[in-house]
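The following comprises the amino acid sequence and a computationally predicted model.
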Amino acid sequence: MSGIPNLHTDVAAFEVRDGCLCVGGRTVTDIMAEAGDVPAYLYDRELIRQRIRELRNALPKGISLHYAIKANPMPEVVAFVATLVDGLDIASAGELEVALGTSCDPEDISFAGPGKKLHELQAAVDAGVTLNVESSTELERLASIKSANRPRAAIRVNPDFELKSSGMKMSGGPKPFGIDAEVVPDVLIAMRDMPIDFAGFHIFSGAQNLNPESICNSQRQALSLALELSAHAPSPPGFINIGGGFGIPYFPGDEPLELTSIGRNLESLSAQLKARIPDCKLVIELGRYIVGEAGVYASTITDRKVSRGHTFLVVDGGLHQHLSASGNFGQIIRKNYPVAIANRIGADDREVASVVGPLCTPLDLLADKMELARADIGDLVVVFQSGAYGFTASPHRFLGHPPPVELLL
């Protein structure tokens, strides 16, 4: 076993056997030979387990850890993660179905997202999950639901602050997410006359943040706001979900998120909450951080060509299967994800090459002028950090190519 050279140290968590990358204890060449003639997303369950163990060790014991299914909704992945966390967070009726198919108690499932349709609200209430209400209209719709279960609603709050340094900001200023903080007191007062049980607050400020100081500051502000709003609530909140935002390193210069200071901060916040509302749980909601580094996307080189002195490795996958790695999923300036030739790890013969897919567009680029092991037709290219927002965030039907497969190993 050995590490992987020239890649981020977290990527080296994957085993390498005789120069070939392994996922779930098996070589990628063996896995792909069985997967068939299509690219594949490969998820290592042991790396997911290790990441959750690291979180448990770093965070105070009173913290409730939830998994945001949207990061990777593969049913097998969700079912596995559900055995290791305290709850699941969903954002659609489809994800509700996946969540209900796990060991997770419906009371520990929460449903967020703007624009929930009436049938989605009905299904959630019937199942006994908590709705994170995003508007006054949605609250009124929820109150109209007829079910054997009494609706349970948390208020998603759009605070006047944002998670600074985050790759995707979800709060502060005008947002489609949640109810503006200044309006929430009136909404809470109105809830007193509605046939709805008040469950708590959901304050999600941003995602993909590698700055622990920024995360800690946002957590402090979120708890302070929730405690302030609690004075207007119909009953004490059962939980306060302060989101997550924990990022993973994708690009050169990125450093892994340091958890120690975040753990100390959460310990302080937990003590504050216990002193004010003893029976209220403090919830952290993470998705990418749990599964992102445990997955790779593997494709096969179908052609090798040199154009005016530059080498192109053409693979049977591309942006239609891994949109984020192509740089077309939120990047302003395109950067390379960590990429390697899976069956030539540690090879001395190196070259600078670009990895491109089969699509008729220059956007179909998985690696741009990267130093890689010299590869040929039949070799395997892997894109690391692919366990989150890969398979389901990609336009599989673009140009009619077959979709990839997903395997939990």
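Yep, it's here.

Doesn't S299 belong to a helix?
No - assigned with DSSP: H, G, I helix; E, B strand; the rest coil, S299 falls outside any helix and is strand.

Kindly state the pLDDT recorded for it?
On the pLDDT scale, S299 is placed at 98.

how far away is the residue sitting furthest away from the middle of the chain from L365?
Checked against the mean C-alpha position of the chain, the extreme residue using Cα atoms, centre = their mean is R308, at a distance of 40.0 Å. According to Cβ to Cβ, to the nearest Å, R308 and L365 sit 17 Å apart. For glycine as for every other residue, the C-beta is placed from the backbone atoms N, C-alpha and C.

Equivalent analysis for L131, please.
Taking Cβ to Cβ, one finds L131 at 41 Å from L365.

got it, and I179?
On the measure of Cβ to Cβ, I179 and L365 end up 41 Å apart.

G295 too?
Shown here: G295 relative to L365, a distance of 20 Å by Cβ to Cβ.

N72 now?
N72 is 23 Å from L365, by Cβ to Cβ.

Which residue of the two possesses the greater neighbour count?
With neighbours defined as other Cβ atoms under 10 Å, N72 and L365 compare such that N72 has more, 30 against 22.

Just give the closest residue to that one, not the sequence neighbours.
V291 (4.6 Å; Cβ to Cβ, 6 or more residues apart in numbering).

Let me see the ranges of the strands in the stretch 101-250 of the chain.
Using DSSP state E, counting those that start in this stretch, the strands found in the stretch 101-250 of the chain span residues 109-111, 130-133, 152-158, 168-169, 179-180, 197-202, 206-207, 239-241.

now the longest one and strand 197-202, what's the angle there?
With axes from the mean of the first three to the mean of the last three Cα atoms, to 10 degrees defining the directions, strand 152-158 sits at 30 degrees from strand 197-202.

isn't D126 right up against P151?
No - using Cβ atoms under 8 Å as the test, D126 is too far from P151 to be in contact (10.0 Å).

among the strands of the stretch 101-250 of the chain, which is nearest E255?
E255 lies closest, by Cβ to Cβ, to one member of the strands of the stretch 101-250 of the chain: strand 206-207, at 17.5 Å.

tell me the mean pLDDT over that closest one?
78.

ranking the strands of the stretch 101-250 of the chain by mean pLDDT, which is last?
strand 168-169 (a mean of 48).

ok, now which ones touch the residue lying closest to L409 once chain neighbours are set aside?
Excluding the flanking residues, the one nearest L409 by Cβ to Cβ, 6+ apart is G24, at 2.5 Å. When contacts are counted by Cβ atoms under 8 Å, 6 or more residues apart in numbering, G24 touches L42, Y43, D44, R45, E46, L408, L409.

Going by neighbour count, which of the residues you listed are buried?
L42, Y43, D44, R45, L408 (16 or more other Cβ atoms under 10 Å).

count of residues packed around A82?
22.

Over to D349?
With other Cβ under 10 Å as criterion, D349 counts 8.

do the same with the one 4 residues further on
Applying other Cβ under 10 Å, we find 24 residues neighbouring A353.

So what pairs up with it in the strands?
T311, M370 (DSSP bridges).

Tell me the spacing between it and G309.
A353 is 12 Å from G309, by Cβ to Cβ.

cool, and A127?
Counting by Cβ to Cβ, the gap from A127 to G309 is 60 Å.

List the residues that contact the residue lying closest to A127 once chain neighbours are set aside.
Distances taken as Cβ to Cβ, 6+ apart place P106 nearest to A127, at 5.2 Å, with adjacent residues excluded. By Cβ under 8 Å, 6+ apart, the contact list for P106 reads L100, A127, G128, V129.

Past the strand or helix carrying I284, which element shows up next along the chain?
I284 is located in strand 281-286, with elements delineated by DSSP states H and E. Next helix or strand after strand 281-286 toward the C-terminus (DSSP H and E): helix 288-291.

before we move on, back to that, for the strands of the stretch 101-250 of the chain, which one sits closest to C360?
Nearest of the strands of the stretch 101-250 of the chain (Cβ to Cβ): strand 168-169, 30.0 Å.

how does this protein divide into domains?
9-44+293-408, 73-286 (automatic domain parsing).

Can you show me the helices along the protein?
With helices called from DSSP state H, the chain shows them at 28-35, 45-58, 75-82, 93-100, 118-127, 136-143, 184-191, 212-230, 260-276, 288-291.

Can you give me the neighbour number for H396?
14.

Can you pick out the residue with more neighbours from D126 and P151?
The residue with more neighbours, out of D126 and P151, is P151; 25 against 14, by other Cβ under 10 Å.

Please report phi then psi for the more buried one.
Per-residue torsions, P151: phi -60, psi 140 (degrees, to the nearest 10).

Quick check: it vs F239, distance?
Taking Cβ to Cβ, one finds P151 at 16 Å from F239.
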